[in-house]
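A.B. asks: Generate coordinates for the sequence data below:
(chains A and B)
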Amino acid sequence: MDVSLQLLGKGKELERELGVGLCAALVGEQLELAAGELLAYGAERVYVVEDPRLRFYQSDAYARLLADLLRDNSPEIVLFGATTTGRELASRVAGKLGTGLTAHGVALSIEEVEGKRQLVCAVPGWGGNLMVRIVCPQRRPQIATVKPGVLSRPERGGGGGEVIRVQADIREEDFRALTVEMVEERPCGVPVEGAEVVVAGGWGLCSVGDFGPVEELARLLGGVVGGTRPTLDKGWIGEECLIGQSGKTVSPRLFISIGASGAMHFTTGFLKSGVVLAIDQNPRAPIFEVADIGIVGDLREVLPCLIEELKAAGIVPC
Amino acid sequence: MSLEIVVCLKQVPHPDHFSQISLDPAKQTITREGIPAVINPLDKNALEQGLRLREHFSGRVTVISMGPPQTQSALEEALAMGADRGVLLCDRAFAGADTLATAHALALAVRKLEPFDLILCGNETIDSATGQVGPQLAEVLDIPHVTYVQEVALAHERRLAVRRAMEYGYMKVEVTLPALLAMVKESNRPRLPTVWGIMEAAQKEIRLWTAADVGATPEAVGLEGSPTRVIGVFEQQARRRGEVLEGAPDEVARRAVAKLRELGAFRA
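C.D. replies: Numbering: from 1, shown residues only, chains lettered A, B, ... in the order given. Next up, the predicted model:
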């Protein structure tokens, strides 16, 4: 739901440029509350396709029902969250409509291209090394996915707007891939995307042999732990704490990187943070190019001093 | 139950060399010259899955790839890992394809082969990471798909039971064949080609198919068949590089905390 609300904010911004109206679509079961939330966050209209058989995400059924809904309403632009289900749903729907789909856009805007006002998406490629600008000049709708955490949630308004119930014309062949069970395994604690403070560790911790320093600093600052691929492979963090191109995008008030050299596919995950502090022993590490404050040194020496200083300054409890 | 399996591969630049991919801002072109190429890592997981299913149920594994002539080496590596035969879709007409146009081209090749039971591909590539070709190929072929596949088992004849990852947890999905599965890294550990496998690969067939061979029409494939278009390439704007402190750890820590406070890092 979070990413959908974030998309509504961007949707409103794009809609203002084109004057076409902002709607949302929901497919599933028991969608009252969700529809209400979407209206509160800016949708003028929410289309709801409901049926008990749609309780779990069903790839074939959801794609066909959504494609039919979009064909009937001919929107200019459709936005999906780039979640595990959103990405494939958008792909299949774009395939059914024979239209263009741009994946994991980080910046969306309306610009005049070839004499037409079009959606332009900026998308990272090759691990975030380069950015590509993409349009869908002829086919409609123009579809894009955006990762959770890239956009900000808009203000919650009063609501108003209407809920339109769409008859779910469900067929037997809509369940060739049948989801029989959904098992949620939420880790305890605040997810990285929502945290105000994130302390992330990288390859440098592997030479120290333990992730303790990162966890300690995170705990003291009331923040959450994150990490890079090597620390995930080492088993020190779970997949949900992986930050970067193939992990999460975060934008905390304070982001601290410890022992990570700053490869593009990592730094692309936290560029929108308020303040970035980086600690690494290599003065030429690329991480210093994206940090507001950099400390060159051995983390085994720097971290204890940093913690002492934070206590002395009254920023963390003694 | 014998399985006719097709594995889709893409050859991509070696990830260690991504930072060498450079941009000419004036010409708006990207250079990939001299950068070594590899099989997209998740496509190896897809191939490994196919080989294991063949070992279990008997059948055949065909690897296909759409790409320039050098893609041949990726197919050869796949044959050395154990695939039975390869197909290289190579034609200027296929160039500049977005994911939908790629899906159309691959679908034409798949239809030209014998009726298949299962298509396997990597969940996403390391270069563009869209994850779209798998589901779009399934859509064009009008077969069901499952992405983020971690485990594959047989439920009944012609029906697979798969475990599919989500952000927090997983789904259990039962899918009827023919189907497409997109595999993730944790699904298996791809085997290395053996010396014997490399020798055997030399005897295996790689067919070279052009657009005409698969009956591709210009409006369906390549740049012309792509609903999306790239209109520009640029380098990501770096954050402003700030102050870098070096020296005695306690002094450096003091200065860092003072600076962080100044920048509002601790304001609730």
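
A.B. asks: make it CA atoms for all contacts and neighbour counts henceforth
C.D. replies: OK.

A.B. asks: show me where the stretch 51-200 of chain B has helices.
C.D. replies: B:72-81, B:99-112, B:133-141, B:195-201 (DSSP state H, counting those that start in this stretch).

A.B. asks: Pull the residues that contact the second one.
C.D. replies: Which is helix B:99-112. Residues outside helix B:99-112 that contact it (Cα atoms under 8 Å, 6 or more residues apart in numbering or on different chains) are A:95, A:98, A:100, B:6, B:64-66, B:89, B:94, B:116, B:132-134, B:136-137, B:140-141, B:214-216, B:220-223, B:225-227.

A.B. asks: Filter those residues down to the ones in strands?
C.D. replies: Mapping those onto strands (DSSP state E) picks out B:Val6, B:Ile64, B:Ser65, B:Met66, B:Leu89.

A.B. asks: What is the burial count for A:Glu13?
C.D. replies: When neighbours are counted by other Cα atoms under 10 Å in any protein chain shown, A:Glu13 registers 15.

A.B. asks: these two touch, right, A:Gly202 and A:Ile256?
C.D. replies: No - at 10.9 Å, A:Gly202 does not count as touching A:Ile256 under the criterion of Cα atoms under 8 Å.

A.B. asks: hmm, back to that, would you turn the helices of the stretch 51-200 of chain B into CSV with mean pLDDT and mean neighbour count?
C.D. replies: Formatted as CSV, the helices of the stretch 51-200 of chain B follow (pLDDT from 0 to 100; neighbours: other Cα atoms under 10 Å in any protein chain shown):
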stretch, mean pLDDT, mean neighbour count
helix B:72-81, 97, 23
helix B:99-112, 98, 23
helix B:133-141, 98, 26
helix B:195-201, 95, 15
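
A.B. asks: Out of these, which gets nearest to A:Gly81?
C.D. replies: Of all these, it is helix B:133-141 that lies closest to A:Gly81, at 16.2 Å by Cα to Cα.

A.B. asks: then the closest one to CSV, C-alphas only?
C.D. replies: Output of helix B:133-141 as CSV, limited to C-alpha atoms (Å, rounded to 0.1, in the frame of the first residue of the first chain):
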residue,chain,number,x,y,z
VAL,B,133,10.9,-10.2,-20.7
GLY,B,134,9.9,-13.4,-18.9
PRO,B,135,6.3,-12.3,-18.2
GLN,B,136,6.0,-10.6,-21.6
LEU,B,137,7.2,-13.7,-23.4
ALA,B,138,4.6,-15.7,-21.5
GLU,B,139,2.0,-13.2,-22.5
VAL,B,140,2.9,-13.4,-26.2
LEU,B,141,2.9,-17.2,-26.1
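
A.B. asks: So which elements touch it?
C.D. replies: The helices and strands touching helix B:133-141, judged by 3 or more Cα pairs under 8 Å, 6 or more residues apart in numbering or on different chains; DSSP states H and E, are helix A:84-97, helix B:99-112, strand B:145-156, strand B:179-183.

A.B. asks: would you list these in JSON lines and tack on distance to A:Val3?
C.D. replies: Formatted as JSON lines, the helices and strands packed on helix B:133-141 follow (distance: least, Cα to Cα, whole Å):
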{"stretch": "helix A:84-97", "distance to A:Val3": "10"}
{"stretch": "helix B:99-112", "distance to A:Val3": "24"}
{"stretch": "strand B:145-156", "distance to A:Val3": "20"}
{"stretch": "strand B:179-183", "distance to A:Val3": "24"}
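
A.B. asks: Minimum distance to A:Thr179: which of these has it?
C.D. replies: strand B:145-156 (9.8 Å).

A.B. asks: what is the mean pLDDT for the closest one?
C.D. replies: For strand B:145-156, mean pLDDT is 96.

A.B. asks: Where does the prediction get shaky in chain B?
C.D. replies: Confidence mapping of chain B against pLDDT under 70 gives the ranges B:238-239, B:268.

A.B. asks: phi, psi of A:Glu112?
C.D. replies: Backbone torsions for A:Glu112, taken as degrees, to the nearest 10, come to phi -90, psi 120.

A.B. asks: residues contacting it?
C.D. replies: With Cα under 8 Å, 6+ apart, A:Glu112 has these contacts: A:Gln118.
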